[in-house]
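Trainee: heads up, no residue letters with this:
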């Protein structure tokens, strides 16, 4: 008997069975196996100074450094994805197509325990209420009742404040997902809000930029910070994360990274004319010949190089920053290799390498930008990177100002610290205030050096004799 309909039915059934087998095989692959098969680790984070951002050295931030090391330990590449808000971070993690984790300065939050599992904590941070110096210092929850208090929406701190309202019904606070911690600190610093609640590590990293912000009191005891993963029956990824943190705790890597990002204050602030004058007497004479030679070879004023090296290292050839740059001109390893420096702590090599790199950076700046603005742009890019400088120049143009003038661009560079602005740029968050302070400090040091050395520079006397003249501290111009 001829039954033509049976063959397609059997074929369809076979196809369904085959798909079921393949799906079952996929389901049997553990999270860790899927990551290794894909060759990439997906990490959801936040674009903030305590987590993940770009500086002149490339991608950086504590969470980035940790995630990169974890990916390397798995033998896969790292795919960092920045979420706009805390809530969207958790949503992306919960809805991720495939295995992923969140490394974003998150504290363990019991309110999210139904959907999220937290790995082994790696850092303890303290929730702190901050206020503006000069205003009345709140010393308790009760003294916040009539204050404008703000916190990040979706954060553990917001949940903590809500819990406090059970015993403090008069406590009011605002939650916002249109700002980041840097915005909260700026708003307190500028008096736009009375107080904010942030974590201690966030304040430490940003304190230099917001000097009026101070701790009023600790909101509670320290809280553990940890990576977050979606709730799975399969714990292979969670186990791998926990094993990774156990290893870097044991071998000291974790302590080194925490010290790198939180244990030092960057050399950003103006050191003071008296300290600068003292160092002119005691340190600069050792390096003036090298500075003059590098200036002559690269067509730069040696005093500009001297001002740069003072801002970078305080004329200390053994200086080392929190991010690992070294020497008088604080060169990174890739930059040193790029400019042919084999020993970053050798003063002559460092000065020559820094001069060559500054010239290279300046050559990337549009030639139609006149001096001295082109040099100020080059200094800013030397500090923060060409990409972030381009972002600031575009923001300047969009704001109706001149992107070819430092006086205009320096007003827009700090906007790269504000979420409403850096979210519109190509390279994202940057410590935009840092290059502004960097350039302004160098200009001030340069002005002083010009004033002090002009007669000797013109007569080409022997280096450094003038710095040992009695009364040099008293010779500085008024107002310096």
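Mentor: Cool, the structure landed. Because the structure is predicted, anything quoted here is derived from the model rather than measured.
Trainee: and the strands in this protein?
Mentor: Taking DSSP state E as the criterion, the chain contains strands spanning 40-46, 53-55, 58-60, 77-83, 101-102, 116-118, 123-125, 127-132, 149-152, 174-176, 195-199, 213-218, 223-225, 228-230.
Trainee: would you map the helices across the stretch 101-250 of the chain?
Mentor: Assigned by DSSP state H, counting those that start in this stretch, the stretch 101-250 of the chain shows helices spanning 156-164, 181-189, 200-206, 236-250.
Trainee: buried deepest among those helices, which one?
Mentor: Of all these, helix 181-189 carries the top mean neighbour count, a mean of 23, counting by mean count of other Cβ atoms under 10 Å. The way it works is simple: take the backbone N, C-alpha and C, and place the C-beta from them, glycine included.
Trainee: what's that helix packed up against?
Mentor: Packed against helix 181-189 by the contact rule (3 or more Cβ pairs under 8 Å, 6 or more residues apart in numbering; DSSP states H and E) you find strand 127-132, strand 149-152, strand 195-199, helix 200-206, strand 213-218, helix 419-422.
Trainee: quick one: contacts of that helix?
Mentor: Helix 181-189 is touched from outside by 48-50, 130-132, 150-152, 179, 192-196, 198-199, 202-203, 206, 209-213, 417-420, with contacts defined as Cβ atoms under 8 Å, 6 or more residues apart in numbering.
Trainee: go on, stretch 401-415?
Mentor: Stretch 401-415 is contacted from outside by 366, 368-370, 372-373, 376-377, 380, 384, 388-389, 392-397, 399, 421-422, 430, 432-433, 435-436, 439-440, using Cβ under 8 Å, 6+ apart.
Trainee: so residue 427 touches residue 391, yeah?
Mentor: Yes - at 5.4 Å, residue 427 counts as touching residue 391 under the criterion of Cβ atoms under 8 Å.
Trainee: so for these two, which sits in the more crowded spot?
Mentor: Between residue 427 and residue 391, counted using other Cβ atoms under 10 Å, the more crowded position is residue 391 (25 against 19).
Trainee: gap between that one and residue 149?
Mentor: Distance from residue 391 to residue 149, counting by Cβ to Cβ, to the nearest Å: 32 Å.
Trainee: before we move on, what about residue 50?
Mentor: In terms of Cβ to Cβ, residue 50 sits 21 Å off from residue 149.
Trainee: who's more crowded, these two?
Mentor: Higher neighbour count among residue 50 and residue 149: residue 50, with 26 against 20, using other Cβ under 10 Å.
Trainee: about what we covered before: buried among the contacts of helix 181-189? Make that a ChimeraX selection.
Mentor: Buried residues within the contacts of helix 181-189, by 16 or more other Cβ atoms under 10 Å, are selected in ChimeraX with:
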select :48,49,50,130,131,132,150,151,152,179,193,194,195,196,198,199,202,203,206,209,210,213,417,418,419
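Trainee: just to revisit the earlier point, now the strands of the chain in a markdown table, with mean pLDDT and distance to residue 312?
Mentor: A markdown table is the format used below for the strands of the chain (pLDDT from 0 to 100; distance: least, Cβ to Cβ, whole Å):
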| stretch | mean pLDDT | distance to residue 312 |
| --- | --- | --- |
| strand 40-46 | 96 | 29 |
| strand 53-55 | 78 | 14 |
| strand 58-60 | 83 | 18 |
| strand 77-83 | 95 | 28 |
| strand 101-102 | 96 | 35 |
| strand 116-118 | 93 | 40 |
| strand 123-125 | 93 | 29 |
| strand 127-132 | 97 | 30 |
| strand 149-152 | 96 | 34 |
| strand 174-176 | 95 | 37 |
| strand 195-199 | 97 | 30 |
| strand 213-218 | 94 | 26 |
| strand 223-225 | 95 | 32 |
| strand 228-230 | 94 | 38 |
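Trainee: just those: most buried one?
Mentor: Ranked by mean neighbour count, the strands of the chain are led by strand 101-102 with a mean of 28 (mean count of other Cβ under 10 Å).
Trainee: good, wrapping up.
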